[in-house]
Structure formats: C-alpha cells, structure tokens
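Student: What follows is a protein structure lacking sequence information:
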C-alpha cells in the first residue's frame, strides 16, 4: 500500500507526523551527514538559519526527543539517549504567542521581565515533561523522584511548594504557574493592570537548574547534554530575542542551545547582560542552511534521494536500488537529445520559417537600413552592402549558428568595425566550424551564450521558454528542498492534467514540465510577499532588477551570459538601498553569492547577489548563474533605493549600449553608468 | 452543557423599507468608511446618540472625517485594545446602562472582536448588531481589502488563550475563516507553520458569485495553507455569526477528540463570521488553549464594496 498517492503533495515538515519524519528521513550522503552540521552534542550554541523550506524545522524535529524515542524503536529510550549523548528538548516559539507581551498600558520593562519568566516556565515544563517521559517506569527515577522534586522546589526564589512529590506534580505546578501569568497578561487588555502577578524565580534559574538537578540524580543522564532546540525564533520581537541571547550567553552545562530561525528572524545579537552582544564564533556558531546546501556538492545526491523516497512512498520506482534510482531519475523527464549546433532544439525555426527570412535577420536588416539612413556611426558603405552582410551571417541549416553569427556581427558593429568585412569573416569561420575547423569566437559564443541565444530565438519566434529536466529543477531549488518538491508537485499535477502517467509511463512531457515550473515560479513570487519587512518595496525592487536582467538578456548584444547576478559597492550605497537588498535576501528573493575569492574594490567589500532561480522562469531568465553585472551606485539607488522613479531612464541608458546602433555615453570620470555596461567584447577576448 | 447558538435571534431587513422607524436605541455606533452601505445606515438609523469610529487603517485625513455625529478618530499604530478602551473611556464610560446598536459593516475585525469582549467585561448583556450586505465587491475576486504590509500576526487582545507546551510537534490546529484575502491567509499560515490547518468557507455566501470568488482566492493561498480539509472544507453562512459559532463548536469538539491540543482561530472572512468567532471564544474558550489570531495590516481599503442589498440584525447576547 503506498504511503502517499501523490508523491510530492506534502512539502512542509508540519504536514508530517513525527513517525513520518522518522520513516522518510533522508540524510546528506557521505560521512557526517546532517549530524555533523547540527552537532547536537556540541556544547557550543548554534544559530540554525535558513530560508522558508530549507529544512530547518525538519532537522530540528529530527534531533528532538520525540524522534529520539522513535529511533529507540520501543526499547529502552534512556539507552538511546546515552548512545546519542544528548536529549533534545524541542520548543517552538510560535507556541508562546509572544505578541501578547506588549502594550496593554504596561511599560516595556515589565513585559521583558514577565516574558523571561514565562519562557523559563515553558522551557522548564518541557524539560520536565521530556525527562518524565523518558524515565517513565525507570528505577533511577523511582528511587530519586522525591529528591529531584525537592531540588526543583529549591530553585524558586521564595518558598514554593510543588503540588506533589512526582515529576507529574511538577508539570501540574508549572502549568498552574503559567496559567497565573497567562491570565494576568491576557486580562491586562481589559483591566490595564497586571494585578498581583509575582515572578517567582530568577531569570534562567529553572532553565539551567532543572537539567543540572536531573543529571545529578539520574545517573544515566551523566555525559548526556540537554539540548534546548528552540525553533521559530522569528516569532519573537527583538526585545524578546534578547532574552534568548542572554540564555545562550549565560548557558550552564549540561545545557546548550540550538536555535532555528528564518533568515530574517534573527533580529538582534544583543543580550540583557548590560546590552552586550553575542559574538559569532565566541558565544555561538551559525549555519545558514540553504547557503550551506548551495555550496555543498552532496546537495544533488541528497535531493535525488529525497525524490526517490517520495516516489517509493507512492509505490513508484520499486525495482531499483536507491543509488541507481537516484541516477536514473533524469530519464523520467523528457529532454532534447544532444545534437550538432542545437539542431534538435531548433527544428521549430526551419519548420516555421521555411523560405522566409528569420525574425532576427529581419530585425538586423531594418537596423542596418535605419542606421545607414541616419549615418548613425555605422561602418557600412551603401545599401547594397546590407544584402552582403545579411548573406554573410545567414546559416539556414543551423539556426543557432545563424543567431551566433548575428551576435558576433553586433559585437563588431558596437566596436566600430566595417560590417561587410566582419560579415565575410563570420561567414568564413562559421563554415570552418561546421567543417570541424578552428573558430574560436564562435566556440566561445556557443559555450557561453548558447542558452541566451536559444532564449532569444524562442522569444523572437513567439515560442515559450524552456525549463526541463531534474537537474534543472534541482538547480532551481537553490539549496531549498521544499522548492524542488513544489516544482515537482506542480509538474506532476500538470502531467496528470495532460493525461500522462507521470513516473509510471513515458517521461514527463516538456509541456507539463514547463507549466509546472512557471506555476512554481509564480507561487514563489506571491509567497515571498508574505515574508519579512517592507515586503511591498522589496518585491518592487526585485521586479525592477528582474526587468533589467530580462532586457539585457534579450538585447542585441548581451554583455554577460546567463545573467542573474549583480555586484555593487556596499560602502557607497544608501542605507535605504542596502536595507531593501538585505530584506530581499532575508526573504530569499535574492541569494547571497559566496565566492571563493573575496570581491573587493578600492574602498571596501563588493557584495554579490543572485536573483533566486525560482523567480527566473517568471521573467524568462536563465536558471544557471554565469555572468555578473556590476551595478553603479546610481543604478542601485534606482532599483532598490530612493530614486526608483528614475529607473526607466537608467535602464534605457544602459540598453542603448547593448542594442543597435549602440549609442554610447561620454566616458567622463564619475559618470553615472560606468558599471560594466560599456563592455563590447566577450570576457576572455 | 454546550451552548446552542442557533437560538440566538437574527432577522433580515429590506433596506428600502421603513425599517429605521421600527426601533431606536440610546447609542448607535459605526465605523466610518466611504461605502454607501455604511453611510446610509448611519443616516437612517434612529438613536439618541450616534457615534462614528474612524479607524486609522482607512487613513482618512481630518478633513475627510465625517462631520455628522460624534467622531472618535484613533491615532495610527494603536493596538485594538488601546483604541477601544480609549474610545469607551472618552465617549461611553457607562455603556452598560444604555441600549446599544453597532453597525459592524465597516469595523476592523480585531477592533470589533475586542469591543465585544470589553462590552461583556463591562456588564453589557445584550446589544444589537447590524450588518449590511454589499451588492458587489469593487474588483470582484481581485478585491484587496487589507493593503500595505502586514506588520504582525498575533492574538487579538481579549482572545488570548492559555496554551500548553507540547513535546510533539504535530498537535496544534489552525482554523482559517477563509475570505477574499489570500495574502492574509498566507500570513496567518506562515505565522503558524507548525499547525494543521482547516479552512472554513462562507457558504451560503452573501451573494451567489461571492462563493466562487472566495474559493478562487482560497486556492491562491493553497500552497502556504495546505489545509488538511482542502477537498472538504468547513462551511458556515457568510452572514450568520451564530451558525459560524456553532460550526466552530462542533469542529473543535471533533478535533480535540482527534488530539488537537493548541487551537488557533483566524477570522479573515466576513464581519458576521468574525463576530461568530468572537462569540464562540467568549462562551467556550476563554479558559482554554484557544486563541484568535489576526494578521494586522497597516492600511485597509476605504471602499472595497459597492451597493447595499440587505441588512441583517443580530441580537447578540453576551455571557
């Protein structure tokens, strides 16, 4: 019986029960796996950050006690804890409903103290519940339970008698104490007062004291770390996060913290300890999960195993071993066969334009005529030369080569070369290339710009852009497994819609793949509106950036191949532009590019960001990242800063240098748009 | 003993009849916006004192504020409890001694719910609520009510439950009263990611085509919400707070039986449904692990609806 009928419909950890998480767990292939990344045994606190869908909650739940218990498979859970050398106490900040601790006529200091007390009670109750469950019926607990309870009582500041001598009684008392706080906090909206609420324990004393008491009196816990897995930190305000940071700073063994948050959710490193900040590397370590996955060579293997596991769960791919199945997944998706000069991918051109001049030649002819008429700096003698130029770049048999020829001609036009000479040379080298000879410019164009030229051809001939193949989808997910699952979910649904039998019959059609990718892309763009601060302005900025990339990609002479990445000088950008870019990164609309060498200019670090590939299909952009454009400070301000009304002007100015007749600005020092757009030769030439 | 909400009294009124002459109140309260349905009711209703509340979310300037009646305009950024408490202190300090009618059509939902909560706390046992059904929403299924950024998703004051920590991560439940605002649905779903979600749709709708428009919008948020009952949503009439409360009662009993521990309710659909959510919480959830949560947007459309097709009068009895 299949576990799931639709293999990719569940895309979130929450939709899995603990048992399903245990049953469907896929680790990073190779040594170490995720355990090395999260390292629950390490006493060093960890901030585990990640975009939505990066798998953060999945991971934290996997290392929680509930899953440890499932891993013990009904045998002695305490032995499992001893073996794994940690006890994971999982807490979701969402459950605190932290928005209550604000306003209601009370000063912020009162709320800070009450919130800290409430969070202490919450964590304390969780750790006691966890221990009570783990040691239920265990002799060690039976012998020491009363002593443990007495020791917990002693942790309170004032004499406080718990409601009994068992851990269950401690839980009941903590529930009562929390209830006392809940009622005071909730009623404050009506009464404008916190009444007689008393804070009965010093900040952090229960959080660190109870694990110490448990370890002292339960021998089996010796050598076992108590790991507070605090998830969804983004649900706390900056002031409330200061308390979590304070716990991290003042942590006492055997406790440690692994704190999960969305990228935008880690609001401050400040603590309540005289406002000091926790320092990365000193007080805590940090893993940005999706960034880590983007550079981890094991990500491809991991995601393939994930897909295999899902297909198996739906009763598909039964006959193959996991490793083989991972490799054979590509065959489940239709692609184009490899062919000489993209012949297979471009058959539509000769089918649709038999005996006709192709759109890019029509456009070129018109541009040449216009320029000649206006004597627009073009190096061409008479109108008769135009036919010679067109003849030189025409290559009917291989439309992709023809497009490359036109591209090379535009380059020469931009450099001021004589275009008849240029066309003759292009014609000669194009022929040489077809005969297996040397044609370095052509080869360079085809190796760097093939995707862009093909995209231009599709656009010029009113075809839809193509996105297909599992490898493409994995690339599109950019380290966020949920994105891969969402793409596959939509692809699967479109395949069903088209009457296909996905993963059980023929490969999934190109049509279904394309439709699924476009839907996933639109979903992501919409979904990102909900994330982070200033969502509207962030989204508008990203849309302007995508428009810039789009216009550049479909210009006559793109300066960079597969352009979805930009860099800029952070030191000269305005605070507003930097803030918008930061928020775009925090909502995963932009991805920070971590390059091997540090990108520096004379004054400071040059920041580099990539448009999230999930967005690219929406704007007909490539998924692969290759070229990088350097944006001037003025351009950055027009895209992300306070001068967005000038964006169209700045865009037009840049495009003038990329579209025939390639008008240029003066090259005066300090000009507004010197950021790379004036390049007229290919990288490496 | 569980409450039978269906015995609460509700009646429909033809707006073109002489309805306003049939009854009058000591105090009539309405939230100002530029729609016909809000302004006409305010003009026609009979009351000794008529009060306008001007929500800052509508962003009216002082010149744009109404000139008739008593006007209370709260400053921007005020929480719903501060807003309502300030209003009551300034204008209705002895609210429990007056007969009261509230036109809920233009109210921000959190303010409306807190108002009901605070009226109960101040000893009001019964009031009348009016709701005018629009003829149409301005941009059909594309109508955006909340505008700008959602600043926060948090419990509505007065409806904050007493929640329980849980070792298991799969015991919490979110019930979304799904309306037109798919963005708000996404916000709520994203704020309570680790909950199982149920959606409650308005059916029968206020107008025949509203249901399809509602479903279209719910579908736009489907990936974020991933409601476990997507194929079989809950239904409650969009114009009936009492049946809404009854459906919540029935659903929550069932979900608790299935192990739901902490429950969150988010009324994002019509005001009558929001009133129903509030009544259910007041009667049955004040002392339990159930909260009403809401995505607070800083702007709200002034005139998202056109026309006035029907008026509903609800006799709201408070615990």
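Tutor: Ah, there it is. Predicted, not measured: the structure shown is a model, and the values here were computed from it. Numbering: from 1, shown residues only, chains lettered A, B, ... in the order given.
Student: partner residues bridging the residue of the stretch 251-400 of chain A found nearest chain B?
Tutor: Sorted by distance to chain B under C-beta to the nearest C-beta, the residues of the stretch 251-400 of chain A start with residue A:262, at 9.2 Å. Bear in mind the C-beta positions are built from the backbone N, C-alpha and C, glycine included. Residue A:262 has these beta-bridge partners by DSSP bridges: residue A:50.
Student: OK, contacts around it?
Tutor: Counting by C-beta atoms under 8 Å, 6 or more residues apart in numbering or on different chains, residue A:262 touches A:49, A:50, A:51, A:52, A:56, A:234, A:531, A:586.
Student: From those, which one has the minimum pLDDT?
Tutor: Confidence by pLDDT is poorest for residue A:531 among the contacts of residue A:262, given 52.
Student: Mind naming the longest helix for the chain?
Tutor: Just so you know, I chose chain A. helix A:108-134 (DSSP state H).
Student: that answer is for a different chain, and I need it for chain B
Tutor: helix B:241-257.
Student: elements contacting that helix?
Tutor: Judged by 3 or more C-beta pairs under 8 Å, 6 or more residues apart in numbering or on different chains; DSSP states H and E, helix B:241-257 is in contact with strand B:173-178, strand B:196-202, strand B:234-236, strand B:263-267, helix B:271-284, strand B:310-317.
Student: Report the angle between it and strand B:310-317.
Tutor: Angle of helix B:241-257 versus strand B:310-317, following axes from the mean of the first three to the mean of the last three C-alpha atoms, to 10 degrees, is 60 degrees.
Student: Show me which positions of helix B:241-257 end up buried.
Tutor: B:241, B:242, B:243, B:244, B:245, B:246, B:247, B:248, B:249, B:251, B:252, B:255 (16 or more other C-beta atoms under 10 Å in any protein chain shown).
Student: List the contacts of the fifth one.
Tutor: With contact taken as C-beta under 8 Å, 6+ apart, residue B:245 is in contact with B:3, B:5, B:276, B:277, B:279, B:280, B:283.
Student: Could I get the pLDDT score of the second one?
Tutor: On the pLDDT scale, residue B:5 is placed at 91.
Student: and if you look at the fourth one?
Tutor: Reading off the confidence values, residue B:277 has pLDDT 96.
Student: Double-check it against residue B:267; I have them as touching.
Tutor: Yes: here residue B:277 reaches residue B:267: they are 4.1 Å apart, a contact under C-beta atoms under 8 Å.
Student: Now chain B against chain A: closest residue?
Tutor: residue B:154 (2.5 Å).
Student: Surely that residue forms part of a strand?
Tutor: Yes: the assignment for residue B:154 by DSSP: H, G, I helix; E, B strand; the rest coil puts it in a strand.
Student: related to what we said a few turns ago, quick check: the farthest pair among the contacts of residue B:245?
Tutor: Within the contacts of residue B:245, B:3 and B:277 form the most distant pair, 14.1 Å apart (C-beta to C-beta).
Student: Who has more neighbours out of these two?
Tutor: residue B:277 (29 against 17; other C-beta atoms under 10 Å in any protein chain shown).
Student: mind listing what that one touches?
Tutor: Contacts of residue B:277 (C-beta under 8 Å, 6+ apart): B:113, B:177, B:244, B:245, B:248, B:265, B:267, B:292.
Student: Repeat the analysis, applying 10 Å as the threshold.
Tutor: B:109, B:113, B:156, B:159, B:175, B:177, B:200, B:236, B:241, B:244-245, B:248, B:265-269, B:285, B:292, B:294 (C-beta atoms under 10 Å, 6 or more residues apart in numbering or on different chains).
Student: which intervals of chain A have sub-threshold pLDDT?
Tutor: A:1-5, A:12-15, A:318-327, A:376-377, A:529-533, A:595-605, A:664-685 (pLDDT under 70).
Student: Going along the chain, name the strands of it.
Tutor: Taking DSSP state E as the criterion, chain A carries its strands at A:46-50, A:86-92, A:225-231, A:255-262, A:285-288, A:565-569, A:590-592, A:606-611, A:628-630.
Student: Now list whatever residues contact both of residue B:277 and residue B:267.
Tutor: B:109, B:113, B:156, B:175, B:177, B:200, B:241, B:244, B:248, B:292, B:294.
Student: now, among those residues, which is nearest to residue A:568?
Tutor: For those, the nearest to residue A:568 is residue B:294 (38.7 Å; C-beta to C-beta).
Student: State whether that closest one is indeed within a strand.
Tutor: Yes: under three-state DSSP, residue B:294 falls within a strand.
Student: Give the full set of residues in contact with it.
Tutor: Here residue B:294 is in contact with A:99, B:80, B:108-110, B:113, B:150, B:152-156, B:159, B:184, B:187-188, B:191, B:265-268, B:274, B:277 (criterion: C-beta under 10 Å, 6+ apart).
Student: Equivalent analysis for residue A:589, please.
Tutor: By C-beta under 10 Å, 6+ apart, the neighbours of residue A:589 are A:51, A:524-525, A:528-529, A:531-532, A:535, A:538-539, A:541-543, A:545-546, A:581, A:583, A:609, A:611-612, A:614-615.
Student: can we see that at 8 Å?
Tutor: So residue A:589 contacts A:528, A:538, A:539, A:542, A:611, A:612, A:615 (C-beta under 8 Å, 6+ apart).
Student: And residue A:369, by the same measure?
Tutor: Shown in contact with residue A:369 (C-beta under 8 Å, 6+ apart): A:383, A:386.
Student: What are the boundaries of the helices in the stretch 51-200 of chain A?
Tutor: Taking DSSP state H, counting those that start in this stretch to define them, one finds helices in the stretch 51-200 of chain A at A:56-62, A:65-71, A:77-84, A:108-134, A:139-153, A:167-191.
Student: what's the closest of these to chain B?
Tutor: Of all those, it is helix A:167-191 that lies closest to chain B, at 3.7 Å by C-beta to the nearest C-beta.
Student: For that closest one, buried residues please.
Tutor: Going by 16+ other C-beta under 10 Å, helix A:167-191 has these buried residues: A:167-168, A:170-171, A:173-175, A:177-178, A:180-190.
Student: Considering only the residues you listed, which also neighbour chain B?
Tutor: A:175, A:178, A:182, A:183, A:185, A:186, A:189, A:190 (C-beta under 8 Å from any C-beta of the partner chain).
Student: Looks like the fourth one contacts residue B:162 (just checking).
Tutor: Yes: under the criterion of C-beta under 8 Å, residue A:183 lies in contact with residue B:162, with a separation of 7.3 Å.
Student: OK, contacts around the nearest residue to residue B:23 once chain neighbours are set aside?
Tutor: Closest residue to residue B:23 apart from its sequence neighbours, by C-beta to C-beta, 6 or more residues apart in numbering or on different chains: residue B:46 at 7.0 Å. Residues counted as contacts of residue B:46 (C-beta under 8 Å, 6+ apart) are B:20, B:21, B:23, B:24, B:25.
Student: For burial, what's the neighbour tally of the last one?
Tutor: Close neighbours of residue B:25, defined as other C-beta under 10 Å, add up to 19.
Student: go on, the fourth one?
Tutor: Other residues near residue B:24 number 13, with proximity taken as other C-beta under 10 Å.
Student: what are the phi and psi angles of it?
Tutor: Dihedral pair for residue B:24: phi -140, psi 160, per degrees, to the nearest 10.
Student: Next up, the contacts around the residue most central in space within chain B.
Tutor: With distances taken as C-alpha atoms, centre = their mean, the residue of chain B nearest its centroid is residue B:274 (2.8 Å). Residue B:274 makes contact with B:109, B:112, B:113, B:177, B:267, according to C-beta under 8 Å, 6+ apart.
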